[in-house]
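S.K.: next one to model:
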Amino acid sequence: LEGRVSDRTAELRATIERLQQTQADLVQADKLASLGTLVAGVAHELNTPIGNALVTASAMEDAARELEATMAAGEMRKSTLNVYLTDAVGMAELIGRSCRRAADLIHSFKQVAVDQTSEQRRHFDLSELVEDNVAALRPSFRDLPWVIHVNIPVGIACDSYPGPLGQVIYNIVHNAMD
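M.R.: From the prediction side, this is the model:
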C-alpha cells in the first residue's frame, strides 16, 4: 500500500510540475501575443507622423528646387523669397513635430516592450509607466469613442516589477473593449 501511495504521489508531483510548466508557457505566450498586438498598433500609429514628415520633406525639397530655378533664371523677387521662407518655416516645424511624435511613440513602446518581456525589478515613476502603457495601447482603441485620462501625480517612485503592472493595464483596457 505504501508503495502504491508513493507511486501515486510521484505521479501527482510530476503532473503538477507539468501543469505549472504549461501555465508558465501560457503566460509567456499571452505576453508575446500582447506584445505582437502592441507592435502592430504602434507600427500603424508611427505611419502617420513618419508619413507626414516624408511628405513635408518632399514638398520642402520641391519648393527649394523651384526657388533655385527661379534664382538661376534671374527672376528672383523679394515676395517669392518671403513666400518660400514662410512656407519653409512651417514645413520645418511640421517635420519637427512629426519626428518628435514618432520618437515619443518609439520611446513608450520600447519601455513597455522591455517591461512586458522581462521580469526585472526596477525603479520607475508610476505616472510615467501608466502613461507609457496607455500611449502604447492607444492605437488599439483609436477608432472607438474613448478617452483615457491618467490621473496619477508625477513623482510617485516605485521599486517593483513594471511588467506585471503593464499587463494589468493591458488587460483592463482590452477587457473594457469587450
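
S.K.: and stretch 7-24, how far out from the chain's middle?
M.R.: In terms of C-alpha atoms, centre = their mean, to the nearest Å, the centre of stretch 7-24 is set 38 Å apart from its chain centre.

S.K.: check stretch 138-150 too.
M.R.: Shown here is stretch 138-150, whose average C-alpha point lies 14 Å from the average C-alpha point of the whole chain (C-alpha atoms, centre = their mean).

S.K.: got the end-to-end distance for that stretch?
M.R.: Start and end residues of stretch 138-150 are separated by 13 Å (C-alpha to C-alpha, to the nearest Å).

S.K.: quick check: mean pLDDT across that stretch?
M.R.: The predicted model gives stretch 138-150 an average pLDDT of 80.

S.K.: buried ones in it?
M.R.: Of the residues in stretch 138-150, 138-141 count as buried by neighbour count, 16 or more other C-beta atoms under 10 Å. Quick note: C-beta positions are derived from backbone N, CA and C, even for glycine.

S.K.: which residues touch it?
M.R.: Where contact means C-beta atoms under 8 Å, 6 or more residues apart in numbering, the residues beyond stretch 138-150 that reach it are 37, 41-42, 44-45, 127, 130-131, 134, 173-174, 177.

S.K.: immediately after the helix or strand containing residue 69, which helix or strand?
M.R.: Secondary structure from DSSP states H and E places residue 69 in helix 2-72. Tracing the chain C-terminally past helix 2-72 and defining elements by DSSP H and E, one meets helix 78-117 next.

S.K.: what average pLDDT does that next one get?
M.R.: Per-residue scores along helix 78-117 average to 87.

S.K.: who are the packing partners of it?
M.R.: Secondary structure elements in contact with helix 78-117, counted by 3 or more C-beta pairs under 8 Å, 6 or more residues apart in numbering; DSSP states H and E, are helix 2-72, helix 126-137, helix 162-177.

S.K.: picking that back up, the helix holding residue 69 - what's its average pLDDT?
M.R.: Across helix 2-72, pLDDT averages out at 88.

S.K.: hmm, residue 112 is touching residue 132, no?
M.R.: Yes - contact between residue 112 and residue 132 holds when scored by C-beta atoms under 8 Å: they sit 5.6 Å apart.

S.K.: more crowded one of these two?
M.R.: More crowded of residue 112 and residue 132, by other C-beta atoms under 10 Å: residue 112, with 26 against 23.

S.K.: for the more buried one, give me its contacts.
M.R.: 38, 132-133, 136, 166.

S.K.: what residue is smack in the middle of this protein?
M.R.: Nearest to the geometric centre of the chain sits residue 109, at 3.0 Å (C-alpha atoms, centre = their mean).

S.K.: coming back round to it: quick check: the two most widely separated of the contacts of residue 112?
M.R.: By the measure C-beta to C-beta, 38 and 132 form the most distant pair in these, at 11.2 Å.
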